[in-house]
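> Model the following, please.
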Amino acid sequence: MELGHFIRQLRESTRPDALGLPGSDRRRTPGLRREELAALCGISVTWLTWLEQGRAVHASTSALVQLADALRLDHANRHYLFELAGRPDPDVRPPEFDQLPKLLRVVDEMNCPAYALDVWWTIRAANKRARQLFSNWGQGSRSKVAPNLIHYVFLNPLAKQLLFDWKASAERLVAEFRADLGAIALQPEGEAFVHRLSQQSAEFATLWKRQQVADRTGGARSFNHPVKGLVHCEQVTLRTAMDPSLKVVMLMDSALTP
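Have a look, this model is predicted:
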């Protein structure tokens, strides 16, 4: 059912003229019609209808590739599409070995705030400058529980003070988190994680229901630094080719470095 809802959302949010199709003021919805998407993919309208309705139809890898190509999906949406269908994207190589030990060293040697996230956005590693910027994510120095970035943003009052535009940041982060979590969100552990956080934060629950996904690629970020005041950073996110589930986030700004 989730896969069908997502495909329908993609279809209805895609402008016909973006795919070279004629637009019309008489359209009931601004997006693509099922007939148009089916024709672009070379699949039957009936099959697409049943897929969107969540019926027990077979979504092959080739059909998913056709859908992704026809809709010109970016990396985040394409990845999420295959995740929901429970099929590997033929354009993505699987991880070869655990990169965490190397990432720990990389983070420690960086001269700007840097931290490493896993698929759950648990902070797997963070250097001293990152811990200072985020006030150690509200964790005590003796805490044995690793902090979690998405929990910090929605459950810790410090986040609303630190993030310059908390609302915009929260919207972007939920879309990025959904893309990272992918089909894991439909598994028992993922459903429990999302349910708990939704119960604890109505703001998260509202944003999660929008089903928006985005790549965590980086860009301009602003913080109300407890010592430096308003600080503008350039966020850069690196993913290792060997294990795309782990990523290093850097916040580059001279005002945050000694």
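> Mind listing what's buried along stretch 120-134?
120, 121, 123, 124, 125, 126, 127, 129, 130, 131, 133, 134 (16 or more other CB atoms under 10 Å). (Glycine included, C-beta is placed from N, CA and C.)
> any idea how far it is from the chain center?
Counting by CA atoms, centre = their mean, to the nearest Å, stretch 120-134 is centred 18 Å from the centre of its parent chain.
> just stretch 75-93 next, same as before
On CA atoms, centre = their mean, the centre of stretch 75-93 falls 13 Å from that of its chain.
> Let the chain start at 48 from now.
OK, 48 is where the count begins now, so the last one is stretch 122-140.
> who touches that stretch?
Stretch 122-140 is contacted from outside by 49-50, 53-54, 57, 106-108, 111-112, 114-115, 118, 120, 141, 222-223, 225-226, 229-231, 233, 260-262, 288, 291, using CB atoms under 8 Å, 6 or more residues apart in numbering.
> Quick check: the two most widely separated of the buried residues of stretch 167-181?
Farthest apart among those by CB to CB are 167 and 176. That separation is 23.1 Å.
> Residue 235: neighbour count?
7 (other CB atoms under 10 Å).
> One more: residue 298?
23.
> swap in residue 199?
As a burial measure, residue 199 scores 20 neighbours (other CB under 10 Å).
> can you check residue 148 too?
By other CB under 10 Å, 9 other residues sit near residue 148.
> Confirm that it sits in a helix.
Yes - per DSSP: H, G, I helix; E, B strand; the rest coil, residue 148 lies within a helix segment.
> If we ignore the residues flanking it in sequence, what's nearest residue 281?
Counting by CB to CB, 6 or more residues apart in numbering, the nearest residue to residue 281 once its immediate chain neighbours are dropped is residue 299, at 4.9 Å.
> and the gap between the one you found and residue 104?
Going from residue 299 to residue 104 by CB to CB, to the nearest Å gives 47 Å.
> before we move on, what about residue 247?
Here the criterion is CB to CB. By it, residue 247 lies 36 Å from residue 104.
> neighbour count winner among those two?
Neighbour count, other CB under 10 Å: between residue 247 and residue 104, residue 104 has more, with 16 against 13.
> For that one, which residues are in contact?
Going by CB under 8 Å, 6+ apart, residue 104 touches 94, 97, 98.
> Thanks a lot, catch you later.
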